[in-house]
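Asks: With the input below, show me the fold.
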Amino acid sequence: MKNFMKKMDQVKQQTMEKMGNKESQADNDATKEQKDKLRVIKTEYKELYTVGKIYAQETEKSTQQGSQFADALAQFGSTFLSDEQVGVCLKNVGVQLKSVEQSRQNCNVNSVQCLVNPIGKFQDSEIKKARDTKHKQDQVRIRYDTALDRLNEAKKKNEANSLKVKGLENECEEIKVEYDAVTAEFNQVMEQLNIEMNKQLVAQLREYTLQQLAFYKQASALWAETAELLEDFRG
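Replies: The predicted structure is shown next:
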């Protein structure tokens, strides 16, 4: 019966916290800040990964449409035009557009591999590890908070040296040892999470930027070549 009542008190503590009617008295401000930070990191990483995948999918669709347009230009330049030079221009633009879209597709695939996929992997490894550690800490913390509440209530109704108060003080001290250990573990995991996140993001963004730069340089060179060819035709 005693254990059942403790469980009920813990459920009550969790429910009131979720409703915003109660805060932990066990966690200090630094630990609460770490938990808030983890919550933000989880949310933002999920958003980055989701939007990144959508962006890659839309780029793939755009690339396919661009290639179809390139084929249409080249096909039209090979058929019904009476002016051969115009036909040659159309075919050349179609060929260059096809090359640009192929380069864009390669860039898109590489960008997914160097940025989007690693973000998803980081969610499944480092962030999950931190969330699992937080969950373990929360389980102990709920027990500790509940024990502290019961101790505070007992002190209101009993003498400070009473057996009931002393028993609850001993219980709180025992739980605190476990609580301090899991909180230290959580803080350590969060510290490692921040180090790895900063290091990996910089490396991934650097590679992503290089992929984009290579694509735009290649696209610029291709279009410059086509522009020069069209200028010669005009002359």
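Asks: List the residues that contact residue 173.
Replies: Applying Cβ atoms under 8 Å, 6 or more residues apart in numbering to residue 173 gives no contacts. The way it works is simple: take the backbone N, C-alpha and C, and place the C-beta from them, glycine included.
Asks: how near is it to residue 218?
Replies: Taking Cβ to Cβ, to the nearest Å as the criterion, residue 173 is separated from residue 218 by 68 Å.
Asks: phi, psi of the most centrally placed residue in the chain?
Replies: Using Cα atoms, centre = their mean, the residue of the chain that lies closest to the mean C-alpha position is residue 45, 1.2 Å off. Note on residue 45: backbone dihedrals following degrees, to the nearest 10 are phi -70, psi -40.
Asks: what sits against it?
Replies: By Cβ under 8 Å, 6+ apart, the residues touching residue 45 are 119, 122, 123, 127.
Asks: Check which residues of the helix or strand hosting residue 131 are buried.
Replies: Secondary structure here is read from DSSP states H and E; on that basis residue 131 sits in helix 128-157. Neighbour-count burial for helix 128-157, counted by 16 or more other Cβ atoms under 10 Å, picks out 130-131, 133-134, 137-138, 140-148, 150-151, 154.
Asks: again with stretch 225-235
Replies: Of the residues in stretch 225-235, those buried under the neighbour-count criterion (16+ other Cβ under 10 Å) are residue 226.
Asks: Dump stretch 146-162 to PDB, restricted to CA.
Replies: C-alpha atoms of stretch 146-162 as PDB (Å, rounded to 0.1, in the frame of the first residue of the first chain):
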ATOM      1  CA  THR A 146       7.800  13.400  -4.800                       C
ATOM      2  CA  ALA A 147       9.900  12.500  -1.700                       C
ATOM      3  CA  LEU A 148      10.700  16.100  -1.100                       C
ATOM      4  CA  ASP A 149       7.000  17.100  -1.200                       C
ATOM      5  CA  ARG A 150       6.200  14.300   1.200                       C
ATOM      6  CA  LEU A 151       9.000  15.500   3.500                       C
ATOM      7  CA  ASN A 152       7.700  19.100   3.400                       C
ATOM      8  CA  GLU A 153       4.200  18.000   4.200                       C
ATOM      9  CA  ALA A 154       5.400  15.800   7.100                       C
ATOM     10  CA  LYS A 155       7.400  18.700   8.600                       C
ATOM     11  CA  LYS A 156       4.200  20.800   8.600                       C
ATOM     12  CA  LYS A 157       2.300  18.200  10.600                       C
ATOM     13  CA  ASN A 158       5.100  16.600  12.800                       C
ATOM     14  CA  GLU A 159       8.000  17.600  15.000                       C
ATOM     15  CA  ALA A 160      11.300  18.000  13.200                       C
ATOM     16  CA  ASN A 161      12.800  15.100  15.200                       C
ATOM     17  CA  SER A 162       9.900  12.800  14.800                       C
END
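Asks: mind checking how far that stretch is from the chain centre?
Replies: Distance of stretch 146-162 from its chain centroid, counting by Cα atoms, centre = their mean, to the nearest Å, is 44 Å.
Asks: Does residue 26 belong to a helix, a strand or coil?
Replies: What DSSP: H, G, I helix; E, B strand; the rest coil gives for residue 26 is coil.
Asks: those helices in this structure, which residues are they?
Replies: The residue ranges that make up the helices of the chain, judged by DSSP state H, are 2-18, 29-77, 84-111, 117-122, 128-157, 163-234.
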